[in-house]
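# Compute the structure for the input listed below.
(chains A and B)
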2 protein chains.
Amino acid sequence: MKYKGKLTLVGAGPGDPELISLKGIKALQQAGAVLYDALVHPDLLQYAPAEAPRIFVGKRAGHHHRSQQQINQLILSYALSYGHVVRLKGGDPFVFGRGQEEVEYARIFELEVEVVPGISSATALPGLQGVPLTCRGINESFWVLTATTRGGKLSRDLQQAAHSAATVVILMGMRRLRQICDCFRQAGKGQTPAMAIQHGSLPHEKVALGTVDSLPQEVAAKQIGTPGIIIIGEVVGLHTASLLKWAHRQPEPTSPSFNPFIPTS
Amino acid sequence: MKYKGKLTLVGAGPGDPELISLKGIKALQQAGAVLYDALVHPDLLQYAPAEAPRIFVGKRAGHHHRSQQQINQLILSYALSYGHVVRLKGGDPFVFGRGQEEVEYARIFELEVEVVPGISSATALPGLQGVPLTCRGINESFWVLTATTRGGKLSRDLQQAAHSAATVVILMGMRRLRQICDCFRQAGKGQTPAMAIQHGSLPHEKVALGTVDSLPQEVAAKQIGTPGIIIIGEVVGLHTASLLKWAHRQPEPTSPSFNPFIPTS
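Numbering: from 1, shown residues only, chains lettered A, B, ... in the order given. Okay, the predicted model is just below:
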């Protein structure tokens, strides 16, 4: 089964259309067809040649829901008919993106496969809120999970993550927020800073900030829905809303000869 | 202490200069001065205006080593003298990038601060090797750690990570590879697939592939040095070097009416 065609998996980034990579834009410019997901910003489709079909294959209320198998088949069909399919996926194709299943399917039919990584929401959205996933002196690692597993149950990894010293980032967890917070409360982390972000990096971004105990209320008050990301850990206390705290902090001691107006090298 | 000036923290991505975001390029085009790290590709500096000074502030053998405090002061000095400093950092500024310390310092002096996330090596480099950090049916999370902590010791999180079901990604760990592999071996994971990548996404990329038991030997054989990343987990078994395995795998059943040459919608 050797067919001629190419698949390029491109990560579109966390939402803001300017957060796609230059390489991703170049791939789109050379696309014969584009298959895109629900979380992809529509502006990105403009990079593809005018004649290239753009096919929505996302999952969103009101749209026909396509199975992964159907998406795989569409990739193959369009690659054969149009030469080069760009599969444009929100975030990074391999961070809970099921990119692997599409790559494997394409490789079975010996399509050429290329991968263009994207900026993952998991790493970018906290940073845009002034929350570093790691901060010297506070924590040494971060753990990224999906709340919901293939079987529809809460991931068993979550309980272990709740007991770890890592900053925990949870994708696809908004619908299970209470269960997630319960899990951390049982680990003695009711007072740990926690936040949720919807539409991160976009103008209509929404943020709820609190502790594990208060987050479900904050999320309800701000009417934050799905899809969103949840971040739990002491680093969340560094959020820019804590700016006042910084204003009262003394700068680190500077050398007596330091004059900020004269660049030193 | 109110000064006039702007700091933009830009993530340069994992190595390939085309893996910077469009937003990062635009920030560079508007830079008054650029302060850049050792892992930043030199091509990226070409986006800055010709007259903007480019200051290397990285840590690399043979160069004068600047403290974080000195870097903070340089950011301030250049922001005041040149209006807009772009601080260009490898990967993402907040994934072990110490971006937080620079942002905090700039905010003490009330500089305007903007953040442009980057593609982190931790998420991108495994994917470029055909290794998804998560894969349905194999694992449900990934855990990113730095091997070395502020005190110079092996991170305590590492032992816990070795016992978890997460794919484990270790940055800045090449010098401690044996210790790291010992830690996983003690957790009963000697046979777990493991890999190391140096210069990921660049033409001179080097990859060592094996198990926890064999990785130190493989790394020595391939002469893989620092900086590099280490990935440990069952997903590493999906590496493209296992392509032969795929070729013998049957494609998922297709519907009897499926004809790959006719795009369906």
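# alpha carbons only for contacts and neighbour counts from here, please
Will do.
# so where's the longest helix in chain A?
In chain A, taking DSSP state H as the definition, the longest helix is helix A:68-82.
# So that helix, near chain B or not?
Yes. If you take CA under 8 Å from any CA of the partner chain as the test, helix A:68-82 does meet chain B, through A:Gln69, A:Gln73, A:Leu74, A:Leu76, A:Ser77, A:Tyr78, A:Leu80, A:Ser81.
# and which of those residues is nearest A:Pro203?
Taking CA to CA as the measure, A:Pro203 sits nearest to A:Leu74 out of those, at 32.6 Å.
# burial count for that closest one?
A:Leu74 has 22 neighbours, counted by other CA atoms under 10 Å in any protein chain shown.
# now swap in A:Leu7 and tell me
As a burial measure, the neighbour count of A:Leu7 was computed by other CA under 10 Å and equals 27.
# which helices and strands sit right next to the longest helix of chain A?
Packed against helix A:68-82 by the contact rule (3 or more CA pairs under 8 Å, 6 or more residues apart in numbering or on different chains; DSSP states H and E) you find strand A:6-11, strand A:33-36, strand A:84-89, helix A:99-108.
# Quick check: which of these is buried the most?
Each of the helices and strands packed on helix A:68-82 was scored by mean neighbour count; the highest is strand A:84-89, a mean of 29, by mean count of other CA atoms under 10 Å in any protein chain shown.
# Can you name the residues in contact with that strand?
Residues from elsewhere that reach strand A:84-89 (CA atoms under 8 Å, 6 or more residues apart in numbering or on different chains): A:5-12, A:27-28, A:30-37, A:39-40, A:75, A:78-79, A:97.
# Distance to A:Leu215 and mean pLDDT added to the helices and strands packed on helix A:68-82, as a markdown table?
Shown next, in a markdown table, are those (distance: least, CA to CA, whole Å; pLDDT from 0 to 100):
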| stretch | distance to A:Leu215 | mean pLDDT |
| --- | --- | --- |
| strand A:6-11 | 30 | 97 |
| strand A:33-36 | 32 | 97 |
| strand A:84-89 | 29 | 97 |
| helix A:99-108 | 32 | 89 |
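# returning to that earlier point: then the longest helix of chain A to CSV, C-alphas only?
In CSV, the C-alpha atoms belonging to helix A:68-82 read as follows (Å, rounded to 0.1, in the frame of the first residue of the first chain):
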residue,chain,number,x,y,z
GLN,A,68,-10.6,9.8,14.9
GLN,A,69,-10.9,7.0,12.3
GLN,A,70,-12.9,9.3,10.0
ILE,A,71,-10.3,12.1,10.4
ASN,A,72,-7.5,9.6,9.6
GLN,A,73,-9.3,8.6,6.4
LEU,A,74,-9.9,12.3,5.4
ILE,A,75,-6.2,13.0,5.9
LEU,A,76,-5.3,10.1,3.6
SER,A,77,-7.9,11.1,1.0
TYR,A,78,-6.9,14.7,0.8
ALA,A,79,-3.2,13.8,0.8
LEU,A,80,-3.8,11.6,-2.2
SER,A,81,-6.0,14.1,-4.0
TYR,A,82,-4.2,17.3,-3.2
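# Name the residues of that helix that come out as buried.
Counting neighbours by 16 or more other CA atoms under 10 Å in any protein chain shown, one finds that the buried residues in helix A:68-82 are A:69-82.
# ok, how many other residues are close to A:Ala220?
Counted with other CA under 10 Å, A:Ala220 comes out at 11.
# since we're on A:Lys153, how many residues are nearby?
9.
# What segments of chain A are strands?
Remark: strands assigned in chain A by DSSP state E are A:6-11, A:33-36, A:54-56, A:84-89, A:112-116, A:141-146, A:167-171, A:193-198, A:206-211, A:228-232.
# how about low-confidence regions in the stretch 101-250 of chain A?
Judged by pLDDT under 70, the stretch 101-250 of chain A has its weakly predicted residues at A:150, A:240-250.
# just the helices in it please.
In order along the chain, the stretch 101-250 of chain A carries the following helices (DSSP state H, counting those that start in this stretch): A:121-128, A:157-162, A:177-186, A:215-221, A:243-247.
# Those helices: which one's closest to B:Asp16?
Each of these was scored for nearness to B:Asp16 using CA to CA, and the closest is helix A:121-128 (18.7 Å).
# name the helices or strands packed onto that closest one?
Helices and strands touching helix A:121-128, by 3+ CA pairs under 8 Å, 6+ apart, are strand A:167-171, strand A:228-232, strand B:112-116.
# Let's have these in TSV, adding mean neighbour count.
Below are the helices and strands packed on helix A:121-128 laid out as TSV (neighbours: other CA atoms under 10 Å in any protein chain shown):
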stretch	mean neighbour count
strand A:167-171	25
strand A:228-232	25
strand B:112-116	20
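# Of all those strands, which one comes closest to B:Cys183?
strand A:167-171 (21.3 Å).
# packing partners for the closest one?
Secondary-structure packing of strand A:167-171 (3+ CA pairs under 8 Å, 6+ apart): helix A:121-128, strand A:141-146, strand A:228-232.
# who touches that strand?
Applying CA under 8 Å, 6+ apart, the contact partners of strand A:167-171 are A:122, A:133-134, A:139, A:141-147, A:161-162, A:228-235.
# which neighbours does it have in its sheet, and in what orientation?
With DSSP bridges as the test, strand A:167-171 is paired with strand A:141-146 (parallel), strand A:228-232 (antiparallel).
# quick one, the longest one and helix A:121-128 angle?
It stands for strand A:141-146. Using axes from the mean of the first three to the mean of the last three CA atoms, to 10 degrees, the direction of strand A:141-146 lies 130 degrees away from that of helix A:121-128.
# How about exporting strand A:141-146 as CSV, limited to the C-alpha atoms?
Backbone C-alpha positions of strand A:141-146 (Å, rounded to 0.1, in the frame of the first residue of the first chain) are rendered in CSV as follows:
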residue,chain,number,x,y,z
SER,A,141,9.0,20.7,38.2
PHE,A,142,5.6,20.7,36.6
TRP,A,143,3.2,17.9,35.7
VAL,A,144,0.7,18.1,32.9
LEU,A,145,-2.4,15.9,32.9
THR,A,146,-5.7,15.5,31.2
